[in-house]
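# starting from these lines, generate the structure:
(2 chains)
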Amino acid sequence: MATITVEGKEIEVDEEGYLVDLSAWFPAVASEMAKIDEVEMGDDHWDIINFLREYYEEYQIAPAVRVLTKAVAKKLGKEKGNSKYLYELFPYGPGKQACKFAGLPKPTGCV
Amino acid sequence: MSEAIKKFMFVNTKAPYGTVYALESLEVVLITAAFDQDVSLVFCDDGVFQISNNQNTEASGMKNFSNAYKALGDYDINKLYVEKESLEERGLTLDNIMDLTYEDDDWAEKPSIKLVTRAELADLMDDQDLVISS
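Numbering: from 1, shown residues only, chains lettered A, B, ... in the order given. All right, here's what the predicted structure looks like:
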């Protein structure tokens, strides 16, 4: 099993880099995953990651991109709830990559 | 892709816990919806318990995934048919069923749950391209 090291702790990830144990997440895990993917994290990234974690907490599923886009538009406004903006933040896909950073499983409906 | 839209109906007949059928079916439903298909769900027999109120899985040790049904509206799945006879046979009414909703184009909240009789369900099934039951 692959691991990443965050603040001296070994954290297990699967072959695609998603957390094996969702409860092992803490904010520095997201930062470390971003560093590996060469994404520079800013407040805008954290807004989406926090949003995803809240969504998962409430619904127990990681939303597909289309659903994420719509839900972000509703919560954070149309200028953030569009796929161009989200893809700029997470170039490997706002569903897959942001969910990974947020410590969520791969979104249902992403192939 | 618009020319390839098919009508999928997922028929849920089993209790939510004890087997993986309900959870697996929900996963397939969400995947199907992500491909922009016309998706509807049926809850009949013990399947009506999948969307019953106040589920508590503590004693079973299984994850309570009932809140995931509340996300169906986000996936534009807003045709959830509950069979009237199945509710009656189990001493249930619509009051025992989760208040599942979706938002229309103007973000107005609308109910997704539709109570249908066994006979009406047969007609609805006739109208589908695919009927998948679990």
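# can you map out the strands along the chain?
I'll assume chain A. Here chain A has its strands, by DSSP state E, at A:2-6, A:9-13.
# my bad, chain B
B:7-12, B:38-43, B:80-83, B:101-103, B:109-111, B:113-116, B:130-133.
# what angle separates the first one from strand B:38-43?
Yep, that's strand B:7-12 we're talking about. Taking axes from the mean of the first three to the mean of the last three CA atoms, to 10 degrees, one finds strand B:7-12 and strand B:38-43 inclined to each other by 20 degrees.
# quick one: low-confidence residue ranges for the chain.
If you meant another chain, say so; for now it's chain A. A:109-111 (pLDDT under 70).
# you looked at the wrong chain, it should be chain B
Within chain B, the stretches with pLDDT under 70 are B:1-3.
# I figured B:Lys84 was touching B:Ala119, is that so?
No. At 9.8 Å, B:Lys84 does not count as touching B:Ala119 under the criterion of CB atoms under 8 Å. For every residue, glycine as well, the C-beta is placed using N, CA and C.
# these two - which one has more neighbours?
Shown here are B:Lys84 and B:Ala119; by other CB atoms under 10 Å in any protein chain shown, B:Lys84 has more neighbours (18 against 9).
# ok, that one - contacts?
Neighbouring residues of B:Lys84 by CB atoms under 8 Å, 6 or more residues apart in numbering or on different chains: B:Leu115, B:Val116, B:Thr117, B:Arg118.
# neighbours around the last one, how many?
Put plainly, it is B:Arg118. With other CB under 10 Å as criterion, B:Arg118 counts 11.
# wait, it sits on B:Glu83?
Yes. B:Arg118 lies in contact with B:Glu83 (CB under 8 Å); the separation is 6.1 Å.
# any idea which helix is longest in the chain?
Because you didn't say which chain, this covers chain A. Assignment by DSSP state H gives helix A:43-59 as the longest helix of chain A.
# my question was about chain B
Scanning chain B for the longest helix, with DSSP H as the assignment, gives helix B:21-34.
# packing partners of that helix?
Contacting helix B:21-34 under the criterion 3 or more CB pairs under 8 Å, 6 or more residues apart in numbering or on different chains; DSSP states H and E are the following elements: strand B:7-12, strand B:38-43.
# point out the most buried one among those.
Counting by mean count of other CB atoms under 10 Å in any protein chain shown, strand B:38-43 has the highest mean neighbour count of those, with a mean of 23.
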